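> this is a predicted model, with the sequence first.
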Amino acid sequence: QVQLVESGGGLVQTGGSLRLSCAASGSLLSIRDMGWYRQAPGKKRDMVAIISSGGSTNYADSVKGRFTISRDNAKNTVHLQINRVEPEDTGVYSCRANVRQLRFAGYDDYWGQGTQVTVSS
């Protein structure tokens, strides 16, 4: 099995910064893309940022210029640096990893349980 564990959430004031981390562990052979997703209260879960194994990134328009996604392939971790937070950034942030467990198997998505980020105005 594969486990994803997020950390770094909490309460932050508008304009502040936060760094989220997610570590993948377990029976995994390789990880393709990794990403962060956000579910605001009463809304569906949306993509925030995605990073490929080669380092290519993609961001939601609402976070461009404020959020930075990065990863450490050797440690199977992905990070999300959040700067100049806004109240609209409040939500549960979950990480996703596209993982191959066996040599001749395909890739499957695994999700963490999420970490709460609350921005106070």
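The structure has been received and is ready for your questions.
> the most centrally placed residue in the chain bridge partners, please.
Computing the C-alpha centroid of the chain and ranking residues by CA atoms, centre = their mean puts Trp36 first, at 2.6 Å. Using DSSP bridges, the bridge partners assigned to Trp36 are Ala49, Cys95.
> could you measure from it over to Trp111?
11 Å (CB to CB, to the nearest Å). Where you see a C-beta, it was placed from the backbone N, CA and C, and this is true even at glycine.
> who touches both of these two?
94-96 (CB atoms under 8 Å, 6 or more residues apart in numbering).
> how about the residue of the chain most remote from its centre, secondary structure?
Relative to the centre of the chain, the most outlying C-alpha is that of Phe104, 26.8 Å out, by CA atoms, centre = their mean. Following DSSP: H, G, I helix; E, B strand; the rest coil, Phe104 is assigned to coil.
> which non-adjacent residue is nearest Leu11?
The shortest distance from Leu11 to any non-neighbouring residue, by CB to CB, 6 or more residues apart in numbering, is to Thr118 (4.9 Å).
> run a quick neighbour tally on that neighbour.
Look at Thr118: counted by other CB atoms under 10 Å, it has 14 neighbours.
> which strand or helix spans it?
strand 115-120 (DSSP states H and E).
> can you list the strands that that strand pairs with?
strand 10-13 (parallel), strand 91-100 (antiparallel).
> ok, residues contacting the shortest one?
Going back to what we said before, that points to strand 10-13. 18, 85, 116-120.
> output the next helix or strand after it as PDB, restricted to C-alpha atoms.
Sequence order places strand 18-26 as the next helix or strand after strand 10-13, per DSSP H and E. The C-alpha trace of strand 18-26 is given here as PDB (Å, rounded to 0.1, in the frame of the first residue of the first chain):
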ATOM      1  CA  LEU A  18       2.600  28.800   5.000                       C
ATOM      2  CA  ARG A  19       4.500  25.800   3.800                       C
ATOM      3  CA  LEU A  20       2.700  22.500   3.300                       C
ATOM      4  CA  SER A  21       4.500  19.200   2.900                       C
ATOM      5  CA  CYS A  22       3.400  15.700   1.800                       C
ATOM      6  CA  ALA A  23       5.400  12.600   2.100                       C
ATOM      7  CA  ALA A  24       4.600   9.400   0.200                       C
ATOM      8  CA  SER A  25       5.700   6.100   1.600                       C
ATOM      9  CA  GLY A  26       5.000   2.400   1.300                       C
END
